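**Q** Sharing a model prediction with you, sequence too.
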Amino acid sequence: MSADEAFLRSILSGIVLQPERMRLARSEDPRGILFRISLAKSDMPLLIGKAGQSIGAVRHIMKMYRKDGTNISLILEEPGQRTI
């Protein structure tokens, strides 16, 4: 597990109620780093927050974590549903 994945996992574990059901998939290409996040359906609203403020804050923290300017993207996936 990479350091940035461990950092993201620690942030998300403090937000969601079922961290054991959380799945992270990390991929990297010339455009940057992409994290695909799968959560329990009941945890989705907790991570998204009011008007997307919570997930926006997590995205901002991750961008600040990578001080080298690498682009970091987070995609929330709910099994059987569309990507947010």
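**A** Everything's here; your move. Quick caveat: nothing in here was measured; it's all calculated off a predicted structure.

**Q** shaky segments in the protein?
**A** 79-84 (pLDDT under 70).

**Q** Which parts of it are strands?
**A** 23-29, 32-38, 72-77 (DSSP state E).

**Q** Quick one: list the elements packing against the shortest one.
**A** Judged by 3 or more Cβ pairs under 8 Å, 6 or more residues apart in numbering; DSSP states H and E, strand 72-77 is in contact with strand 32-38, helix 44-48, helix 53-65. The C-beta positions use only the backbone N, C-alpha and C, and glycine is treated the same way.

**Q** Check the first one too.
**A** Using 3+ Cβ pairs under 8 Å, 6+ apart as the contact criterion, the elements in contact with strand 23-29 are helix 3-15, strand 32-38.

**Q** and those, which is most packed in?
**A** strand 32-38 (a mean of 18; mean count of other Cβ atoms under 10 Å).

**Q** That one pairs with which strands?
**A** Sheet pairing of strand 32-38 (DSSP bridges) gives strand 23-29 (antiparallel), strand 72-77 (parallel).
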